[in-house]
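# Please work out how this folds:
(one chain, ligands or ions: 1)
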Amino acid sequence: MDIKIEFDHYTLAYGSDVVLNDITLPIARNAVLAVFGPAGSGKSGFLRSINRMAELEANERHTGDVRMDGKSIFAPGANLADLRRRAAMVFAQPVALPMSIYDNVSYGLRLAGQRDRRTLDAAVERALRASTLWDEVKDRLDSSGLNLSGGQQQRLSIARALALEPEILLLDAPTAALDPISTAKIEDMLIDLKERYTVVIVPHSIQQAARVGDAAAFFLNGVCVEYGLGNQLFVSPHDKRTEEYVTGRFG
Ligand SMILES: Nc1ncnc2c1ncn2[C@@H]1O[C@H](COP(=O)(O)OP(=O)(O)OP(=O)(O)O)[C@@H](O)[C@H]1O
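Modelled structure (predicted):
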């Protein structure tokens, strides 16, 4: 396996709450890892550890290591802004900023000081094509992002993340607020996105985990109970707890 990110005996706590407990897990490059489990199992903490957003929580502590391309993300002198650009995050609730579609997508680049119109134009088009929104909005890039539907706004949020040319996409239940057709569009998009990016997704259902994951990890109470490639966790789980969860006996 070509490993992009590696959790190595990583434990995360907020105050006295242990969010993740001794996680050791590889994340393959150019593949989709689905991280699933019941509420409070640590899935968001896992995503937020990859770009060190977890450290924004009060009394955050961690032990162990997370490596990206073989290098510790916690190494002294590690560049936090660069890490967060390399590992971009998209949340359950679509975020359309009160500005034009063009400005929504180019927001991060402009914030980083990019002023060259041709560079911005090219980045906006590339990001909107990758998020499959281009054909729907190319004739109205100047209209407000707020006028888009929920599903379009979520693809706009993904385009905004892609414009910064990340290496990793962290998707925290990106279809939780969307209708089935918008959900299917985003699931289809993942097939293309993983050719260029490493994707970690917290799916909004077990079915979605099985559909989109090239690998899956089942979390329970901060522990990675089971990790498997392809559909193994869903068709032949090794752990009884995984089996009970995927067959709907708890959750
Ligand atoms: N800011 C915080 N301070 C203290 N504990 C927290 C904080 N945020 C989350 N936790 C705790 O950490 C644990 C894991 O939370 P996390 O959000 O990672 O779970 P999750 O699996 O993503 O849940 P959900 O599916 O509900 O989003 C939970 O027990 C939660 O109560």
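# any idea where the helices of this structure begin and end?
For the chain, the helices defined by DSSP state H cover 43-50, 80-86, 101-111, 117-130, 134-137, 150-163, 180-193, 206-212, 232-235, 240-246.
# centre of the chain versus the last one, how much separation?
Relative to its chain's centre, helix 240-246 lies at 24 Å (CA atoms, centre = their mean, to the nearest Å).
# what's in contact with stretch 151-161?
The contact list for stretch 151-161, computed with CB atoms under 8 Å, 6 or more residues apart in numbering, reads 88-91, 94-96, 101, 104-105, 107-108, 124, 127-128, 130-133, 136-137, 145, 148, 169, 174-175, 177-179, 181-183, 185-186, 189. For the C-beta atoms, the positions are set from N, CA and C on the backbone; glycine is no exception.
# Please repeat the previous calculation with a cut-off of 6 Å.
Contacts of stretch 151-161 with the rest of the structure, by CB atoms under 6 Å, 6 or more residues apart in numbering, involve 88, 90, 94-96, 104-105, 107, 127-128, 131, 133, 145, 178, 182.
# Let me know the average pLDDT across stretch 197-205.
Per-residue pLDDT values across stretch 197-205 average out to 97.
# Can you name the residues of the stretch 51-200 of the chain sitting close to the ligand?
For the stretch 51-200 of the chain, the contact set with the ligand under CB under 6 Å from any ligand atom comprises residue 57.
# Tell me which residue of the stretch 51-200 of the chain lies closest to the ligand.
Nearest to the ligand in the stretch 51-200 of the chain, going by CB to the nearest ligand atom, is residue 57, at a distance of 4.5 Å.
# which ones are touching that residue?
Contact analysis of residue 57 by CB under 6 Å, 6+ apart lists residue 14.
# Over to the one 10 residues further on?
With contact set as CB under 6 Å, 6+ apart, residue 67 has these partners: residue 6.
# how does it look with 10 Å?
Residue 67 is in contact with 3-8, 10, 26, 73-75, counting by CB atoms under 10 Å, 6 or more residues apart in numbering.
# Residue ranges in this protein under the pLDDT threshold?
Under the criterion pLDDT under 70, no range of the chain is flagged.
# returning to that earlier point: buried subset of the contacts of stretch 151-161?
Taking 16 or more other CB atoms under 10 Å as the criterion, what is buried in the contacts of stretch 151-161 is 88, 90, 94, 96, 104-105, 107, 127-128, 131, 133, 145, 178, 182.
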